[in-house]
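Engineer: Predicted model follows, preceded by the sequence.
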Amino acid sequence: MADGFRAAHWLRTATMACAGAAMLSACATDANADKPKSASSSAKSTPGKSYSRDPYPSTYKAYPGAPTLVTNVTIFDGEGGSIARGQVLFADGKIVAVGETVTAPEGATVIDGTGKVVTPGIIDIHSHLGDYPSPGVEANSDGNEATGPVTADVWAEHSVWPQDPGFSRALANGGVTTLQILPGSANLMGGRSVVLKNVYARTVQGMKFPGAPYGLKMACGENPKRVYGSKGRQPSTRMGNIAVDRQTWAKAVEYKRKWDKYEKDGGDAPTRDIAMDTLRGVLDGEILVQNHCYRADEMAIVMDMAKEFGYHVAAFHHAVEAYKIGDLLKQNGTCAAVWADWWGFKMESYDAISENLALLQKAGACAMIHSDDENGIQRLNQEVAKALAAGRRAGIDISDAVAWEWLTINPAKALGIADRTGSLKAGKMADVVLWNGNPFSVYSRPEKVWIDGALLYDATNPKLRPVSDFELGQPGAGDVK
Amino acid sequence: MKRLLLCAVAFTTTPAAAQSVAIVNAKLVIGDGSAPIEGGTVVVRDGKVIAAGAHIAVPAGVDTVDAGGRWVTPGIVAGFTRMGIIEVDGVSQTNDSGASSSPFHAAIDIAPAVNPKSSSIPLNRAEGVTRAIVAPDNNGSVFAGMGAVIDLGADRDAVTRARAFQFMEYGESGARAGGGSRASAILQFRNALIQARDYARNPAGYADLGKDALLTRADAEALGAVASGRMPLLIHVERASDILVLLDLKREMPALKLVLVGAAEGWTVAPQIAAAHVPVIASALTDLPASFEQLGSTQSNIGRMKAAGVQVGIGMINDNEARQARLEKQYAGNLVALTKLPGATGLDWNSAFAAISSIPAEVIGLGGEIGSLRPGRRGDVVIWSGDPLELDTAALSVWIDGVKQPLETRQGMLRDRYLVPQEGALPKAYQR
């Protein structure tokens, strides 16, 4: 487990909007350069040259796939829709059609899905794969820059080890096609997250989800105050947490004002501050806040702090008490990412209940499952099954198809990528899982997983099973695992 | 002190109100690896199973419960936990699993630390777990101390058997605790057993060693039972080569009643484990090289060991062992799912259920008491809403020692309080 208690892992750990807000990649335009200027205004009217918003760009390219038609299959489309006996067609990396009958091109690969279920690929909004890879030895522990309460300057992608064996297990056992890697929760502002396609590559850039917004990992509660309180410095309390946050946001507002002015009017370039770049991105709505926060009372304070400084919380992670404030979350348009049944490992997880997801759904709030764990990520479908069953036992009627939203479209929304993935809709990335039975049954497993239409896992084909560099030549390499 | 005195006898739990009940019309699982019996009956009288199977006559004077064709099984026996000795892991005052500044190690007896009111007990009971093997954690020695078997009944007597086994760490963790290397750890182990034998031969002479003794007198006394085989020795070990070292020791000291715990790479040396007749309590779904001693991890581990003839049950080793034994049902179900995966080895349903019921009981030496519905066992019975290994199944009724158990939990009360999140005429704090 991650936000638990073991060794290095103890330090890690926890919509919106921005739909379509692709990262602004280039410098400010020079469009006004030729415009005639008056003598008095000429110095100010030349826009300043800004900095790159995307200096480590994605180099991910979809692998080749064949036009594929799955027939006679139960479909959960990821947006609450289902078809008991339908067909899914994808080609050229994109979903082409989903329906009771669809027309397939000549020569398409046809898979009989009788007795099986097809779903969008699972999206885990909270993972530390690559930053806390296996084996979990100190030399590989790259998930928490626990040297100051605000390290908004660090970027999780600069720690990701693309050879982490965990990626393959998330793919083969979990049907996970997209995941967000977050820096850990020792810090109030732990740094930038990165969204990855779950496809091994030689470089982390080769895994980066093209055009996905960055996230800023923030953390409430026990972790920051413990880590820095034990060092005899602020914050050592929850009020200290908020004080340092507010002070930092106040600086960010000022930093943004200076850079906005410079980019508009030119003049002397403000001093660059890598941490403040990230916070400015949040204030501009380009970078989405992913906030580790367990307790209901703290989430409420954070939502008011966001209003105070003009930003928005995309999602609270580890939101074990979200069920107490489903109405507030809905009102603020903030999602909650939760576990099904983790509880009791720390004080702020003591009030966790298995009905959390169902109660959030009942309240009309945006809810999703998340793992924060290299084992849990392998069975997020099962976690939702347990949460769904608990909700039904409490009298909350939620269909299987709607529950699948907790695994795909809702995390896609909270990551700002719902226009490209997260459901089986024509034109979206062909991120698809074929399950060998009902994915809410403990007896089912992924049979095939496609990412951007490329078949990257096939339970029936031992060659379609990734073996990371680390595992090559080790005991059990290439085994089913 | 009272607890200590009680623990001196083998079984301390006297059911408060042992009841007699017959559950009829059940899809009855005995728990011993046999197939479910449709239309089965189980009869519990005075807290013990007296009959279970098809065509069982219900004796006069026994209340009858109609299961309506639902699954009825023995309660789950959690294979390896720290249940009842930790309330919140992150709050050290509530965590009695390890004793970092104690001069004692092997002599530590975890039973007095078990809190029957720990919130993990009602929560796991509500999910059909009725017994748990509870081990102390080690600090400063390869020996952690003596573990207990507990019941999850809603009473003040949690301990089924105190001093049920000695627990020891080997491999990476044992090496750190045992001086810094596996070589020193295994020496600490061997030396301790030699000293324990010396102690047993002449207890009075042992005291003369005084401060120079590597084992305290209490530790030497505790290990005597291990050396003689009167007490099982559970050893946490993961790497195949470490397992072979322990099997060598077992050859050298055949009296030892070894049980391997963890054994992530057990499948690679399964024939040797089977030949040594050493049982295993393994983690079910470990499939990552989480450490260098687990490079060969695979979910097929348990299935392959069983196929090789090893007796293997499921435990919660390094896996939320304080609170989440209820997940063992899900783990067992996953092992069944593996039977449909080409190249993998899982368990059939009957074996999977035995791996969380009778096998852990047998491994710890209590197979004659708990873990199945064979006659003479304690009356730990669960009626389920469906297949107990399936994710949407709930425990509908639970008996422990024949006593019908309450299934309310603190979490259920929180759920009821927040079914509607808004406050009403009074704050939430008035709602209960």
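Structural biologist: Cool, got the structure. Numbers count the residues shown, from 1 in each chain, chains lettered A, B, ... in the order given.
Engineer: Look up which helix or strand the closest residue in space to residue B:267 that isn't next to it in sequence falls in, please.
Structural biologist: Counting by C-beta to C-beta, 6 or more residues apart in numbering or on different chains, residue B:267 lies nearest to residue B:304, which is 3.9 Å off, once chain neighbours are set aside. All C-beta spots, glycine's among them, are computed from the backbone N, C-alpha and C. Element membership for residue B:304 (DSSP states H and E) is helix B:301-307.
Engineer: Most proximal residue of the stretch 1-150 of chain B with respect to chain A?
Structural biologist: Across the stretch 1-150 of chain B, the shortest distance to chain A (C-beta to the nearest C-beta) belongs to residue B:90, at 3.7 Å.
Engineer: how about that residue, what does it touch?
Structural biologist: Contacts were defined as C-beta atoms under 8 Å, 6 or more residues apart in numbering or on different chains; by that measure residue B:90 touches A:5, A:222, A:345, A:346, A:347.
Engineer: go on, residue B:344?
Structural biologist: A:480, B:299, B:300, B:303, B:338.
Engineer: Residue B:41 contacts residue B:21, doesn't it?
Structural biologist: No: checked against C-beta atoms under 8 Å, the pair residue B:41 and residue B:21 is beyond contact range at 10.9 Å.
Engineer: residues in contact with the helix holding residue B:304?
Structural biologist: Helix B:301-307 is contacted from outside by B:263-267, B:270, B:273-274, B:280, B:282, B:284, B:286, B:298, B:312, B:314, B:335, B:338-339, B:344-347, B:351, B:355, using C-beta under 8 Å, 6+ apart.
Engineer: what about stretch A:157-168 and chain B, touching?
Structural biologist: Yes: interface with chain B: stretch A:157-168 contributes A:165, A:166 (C-beta under 8 Å from any C-beta of the partner chain).
Engineer: what is the rounded mean pLDDT of that stretch?
Structural biologist: Mean per-residue pLDDT for stretch A:157-168: 98.
Engineer: mind listing what's buried in it?
Structural biologist: A:157, A:159, A:160, A:161, A:162, A:163, A:164, A:165, A:166, A:167, A:168 (16 or more other C-beta atoms under 10 Å in any protein chain shown).
Engineer: SS state for residue B:166?
Structural biologist: strand (DSSP: H, G, I helix; E, B strand; the rest coil).
Engineer: Quickly list what it is bridged to.
Structural biologist: Beta bridges link residue B:166 to residue B:146, residue B:233, judged by DSSP bridges.
Engineer: Among the contacts of residue B:344, which one sits closest to residue A:375?
Structural biologist: residue B:299 (10.6 Å; C-beta to C-beta).
Engineer: Could you look up the SS state of that closest one?
Structural biologist: coil.
Engineer: Who are the packing partners of the helix or strand hosting residue B:222?
Structural biologist: Per DSSP H and E, residue B:222 falls inside helix B:217-227. Under the contact definition 3 or more C-beta pairs under 8 Å, 6 or more residues apart in numbering or on different chains; DSSP states H and E, helix B:217-227 sits against strand B:143-151, strand B:159-169, helix B:182-201, helix B:203-207.
Engineer: most neighbours per residue, which of those?
Structural biologist: Each of the helices and strands packed on helix B:217-227 was scored by mean neighbour count; the highest is strand B:143-151, a mean of 28, by mean count of other C-beta atoms under 10 Å in any protein chain shown.
Engineer: would CSV of the contacts of residue B:344 with neighbour count be doable?
Structural biologist: Shown next, in CSV, are the contacts of residue B:344 (neighbours: other C-beta atoms under 10 Å in any protein chain shown):
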residue, neighbour count
A:480, 19
B:299, 26
B:300, 22
B:303, 24
B:338, 23
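Engineer: Tell me how many other residues crowd residue 263.
Structural biologist: In the absence of a named chain, chain A is used. 17 (other C-beta atoms under 10 Å in any protein chain shown).
Engineer: Actually, chain B is the one I wanted.
Structural biologist: 33.
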